[in-house]
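K.L.:
The amino acid sequence is not available; the structure is as follows:
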Ligand code: GDG
């Protein structure tokens, strides 16, 4: 399908992501990345403005034949369109992206399923994005693609004559060779990624896995800056994404009110908080289970602590997500049934999203930030929790070793979400940590979170991408 309209002036800088930052939700209850792009947008907006750039992504609409691929420039909004094919949502997005790439990249081979028609849709949609992108950006312009939905756009843009720098940032982990090579189209995906000039990851581990796959599967040679393959240099870099801490640090009057209300409801009980998109990678079931185990092992905490789990609706039309929701809700019921009293519910669970101010209030009121994904590219919730703590009476961050954020947040208690008893013990340690130690752990983390803004991240990536 060819674009029907395109703006005349070509941009010198183009950002491409599956969804546009301000796109309305695709399906009722689907929050998707509308939130984390909050950080992305604030990081990229200055770069877009300075360079007269545009942002290309799917608008979220699903009407066949409608204007569906929108372009949002910082100053002069432009739109381009293609005929939307409804099966793209099921095959490309819910299919190959979220039922094949998402699970395997997070280390869940048992959940990954492969279907050739979905792979074909993935190739086709990447091609459509590439076609649109090539029309929008000047031939020598800079292109920055985001995430696992768009691993093939660089190859396709090169084939269409684009000569400027092409960069990719992967927001999720990159798996070890043993897992990656189980994907039926692993070689094609790898070649697609190797068509970029710069590939960025959140952590060193993911970058190393990528280099290892390139060596083994594409006969690349590791160099000091990345890999050399077919006589070309592909740079590989580590660019940990941060947050804008200010909105979480500055608690306004409305937020103060929310905190007071929450504290009144807690009636002196300690609060352990989990906030996640409802996703099996986030380890919500394991986390609830360890909380229940803690109440068994440490009955002295019964009636003195409550856990609140906020689960933000996500990808609800993918069967694994609906099933995960049922598993969580069953477990919450079981824990409350087994451990609860008429006057005390151990777990409160809400399936909805909150505004940022409310989220900041929850973070600040929580004694323990319970952030225990089984695997997570970075995890920005951990950083937001740190930013929201009061520096003289901070809570404790209990963080999974398997979140990318664990590399940076050294003051956290690092835990293994696969170890139920260990996590229960770490929870008690967090609840009992003296103020002095809490402050000593929190201060350097806050410093780091403040410094590492999305703007710093975007500048570092783009500087490297445009360095010749
Ligand atoms: C992917 C990677 C990587 C959550 N609930 C609400 C809400 N949120 C916001 C949080 C946070 C964001 O959503 C979630 O970001 P995470 O990083 O924790 O997780 P993913 O959505 O899985 O993001 C991840 C990230 O990309 C960036 O590269 O860190 O590893 O999986 O900002 O605050 N926001 C609002 N209401 C909510 O109820 N407004």
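P.N.:
Yep, it's here. Because the structure is a prediction, the values reported are computed rather than measured.
K.L.:
ok, now which ones touch the residue of the stretch 151-300 of the chain at minimum distance from the ligand?
P.N.:
When distances are taken as CB to the nearest ligand atom, the stretch 151-300 of the chain reaches nearest to the ligand at residue 171, 3.5 Å away. (Glycine included, C-beta is placed from N, CA and C.) With contact taken as CB atoms under 8 Å, 6 or more residues apart in numbering, residue 171 is in contact with 36, 146, 147, 148, 202, 241, 377, 378.
K.L.:
Helix or strand: which one has it?
P.N.:
Using DSSP states H and E, residue 171 falls within no helix or strand.
K.L.:
okay, among the contacts of residue 171, which ones form the most distant pair?
P.N.:
Within the contacts of residue 171, 148 and 241 form the most distant pair, 15.0 Å apart (CB to CB).
K.L.:
Spell out which parts of the protein neighbour the ligand.
P.N.:
Within reach of the ligand by CB under 6 Å from any ligand atom, the chain has these residues: 35-36, 171-172, 241, 275, 277, 310, 312, 353-356, 359, 376-381, 384.
K.L.:
Just these: which are in helices?
P.N.:
Secondary structure defined by DSSP state H assigns 356, 359, 380, 381, 384 of the residues of the chain next to the ligand to helices.
K.L.:
among those residues, which ones are buried?
P.N.:
359, 380, 381, 384 (16 or more other CB atoms under 10 Å).
K.L.:
Including pLDDT and neighbour count, could the contacts of residue 171 go into TSV?
P.N.:
Shown next, in TSV, are those (pLDDT from 0 to 100; neighbours: other CB atoms under 10 Å):
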residue	pLDDT	neighbour count
36	42	19
146	94	23
147	94	19
148	96	22
202	97	27
241	95	25
377	96	25
378	96	25
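K.L.:
So which of the residues you listed are in strands?
P.N.:
The strands, defined by DSSP state E, take in residue 146 from these.
K.L.:
can you put the contacts of residue 171 in TSV and add distance to residue 166?
P.N.:
Converted to TSV, the contacts of residue 171 look like this (distance: CB to CB, whole Å):
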residue	distance to residue 166
36	23
146	12
147	15
148	16
202	20
241	20
377	21
378	23
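K.L.:
For the residue in the stretch 201-350 of the chain positioned nearest to the ligand, give the beta-bridge partners.
P.N.:
At 4.2 Å from the ligand, residue 312 is the closest residue in the stretch 201-350 of the chain, using CB to the nearest ligand atom. Beta-bridge partners recorded for residue 312 (DSSP bridges): residue 277.
K.L.:
wait, doesn't it sit right on residue 353?
P.N.:
Yes - counting by CB atoms under 8 Å, residue 353 is a contact partner of residue 312 at 4.5 Å.
K.L.:
who has more neighbours, these two?
P.N.:
Per other CB atoms under 10 Å, whichever of residue 312 and residue 353 has more neighbours is residue 312, with 22 against 19.
K.L.:
Now do the more buried one against residue 274, distance only.
P.N.:
Distance, residue 312 to residue 274, using CB to CB, to the nearest Å: 11 Å.
K.L.:
same check, this time on residue 383
P.N.:
Computed as CB to CB, the residue 383 to residue 274 distance reads 15 Å.
K.L.:
cool, and residue 351?
P.N.:
13 Å.
K.L.:
Then residue 382?
P.N.:
Distance of residue 382 to residue 274, given as CB to CB: 11 Å.
K.L.:
ok, these two, which is more surrounded?
P.N.:
Higher neighbour count among residue 382 and residue 274: residue 382, with 29 against 25, using other CB under 10 Å.
K.L.:
I'd guessed that one sits against residue 401; true?
P.N.:
No - shown here, residue 382 and residue 401 do not form a contact pair, counting by CB under 8 Å, at 12.0 Å.
K.L.:
pLDDT below threshold where in this structure?
P.N.:
The chain contains residues with pLDDT under 70 at 1-8, 22-39, 42, 59-84.
K.L.:
can you give me the helices for the stretch 1-150 of the chain?
P.N.:
37-51, 86-88, 102-105, 116-136 (DSSP state H, counting those that start in this stretch).
K.L.:
need those in a markdown table with mean neighbour count, can you?
P.N.:
Below are the helices of the stretch 1-150 of the chain laid out as a markdown table (neighbours: other CB atoms under 10 Å):
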| stretch | mean neighbour count |
| --- | --- |
| helix 37-51 | 18 |
| helix 86-88 | 14 |
| helix 102-105 | 22 |
| helix 116-136 | 20 |
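K.L.:
helix or strand for residue 308, which one?
P.N.:
Using DSSP H and E, residue 308 falls in strand 305-312.
K.L.:
show me what contacts the closest residue to residue 215 other than its chain neighbours?
P.N.:
Closest residue to residue 215 apart from its sequence neighbours, by CB to CB, 6 or more residues apart in numbering: residue 222 at 6.1 Å. Each residue near residue 222 by CB under 8 Å, 6+ apart is listed here: 211, 214, 215.
K.L.:
so the first one sits right up against residue 236, yeah?
P.N.:
Put plainly, it is residue 211. Yes - in terms of CB under 8 Å, residue 211 counts as a neighbour of residue 236; the distance is 5.9 Å.
K.L.:
Now do the shared contacts for those two.
P.N.:
Shared contacts of residue 211 and residue 236, defined by CB under 8 Å, 6+ apart, are found at 226, 227.
K.L.:
Compare those two (neighbour count), which wins?
P.N.:
Neighbours around residue 211 and residue 236, counted as other CB under 10 Å, are more numerous at residue 236. The numbers are 23 against 20.
K.L.:
so what's the backbone phi/psi at that one?
P.N.:
phi -130, psi 130 (degrees, to the nearest 10).
K.L.:
So what does the closest residue to it other than its chain neighbours look like in phi/psi?
P.N.:
What sits nearest to residue 236 in space, not counting adjacent residues and going by CB to CB, 6+ apart, is residue 226, at 3.7 Å. As for residue 226, its main-chain torsions (degrees, to the nearest 10) stand at phi 160, psi -120.
K.L.:
what's around residue 226, how many residues?
P.N.:
Residue 226 sits with 21 neighbouring residues when counted by other CB under 10 Å.
K.L.:
what's residue 11 in contact with, if anything?
P.N.:
Residue 11 touches 51, 52, 53, 54, 73, 136, 137, 138, 141, counting by CB under 8 Å, 6+ apart.
K.L.:
which of those count as buried?
P.N.:
Buried subset of these (neighbour count, 16+ other CB under 10 Å): 51, 53, 54, 73, 136, 137, 141.
K.L.:
Nearest to residue 160 among these?
P.N.:
Of the buried ones among the contacts of residue 11, the one sitting nearest to residue 160 (CB to CB) turns out to be residue 137, at 10.8 Å.
K.L.:
need the contact list for the closest one.
P.N.:
Residue 137 makes contact with 10, 11, 12, 13, 14, 54, 143, 162, 164, according to CB under 8 Å, 6+ apart.
K.L.:
6 Å - rerun?
P.N.:
Residue 137 sits next to 10, 11, 14, 143 when contact means CB atoms under 6 Å, 6 or more residues apart in numbering.
K.L.:
ok, and the closest non-adjacent residue to residue 459?
P.N.:
residue 47 (7.3 Å).
K.L.:
Also residue 380?
P.N.:
Leaving out its chain neighbours, the residue that sits closest to residue 380 by CB to CB, 6+ apart is residue 243, at 5.5 Å.
K.L.:
In terms of helices and strands, where is that neighbour?
P.N.:
Counting by DSSP H and E, no helix or strand carries residue 243.
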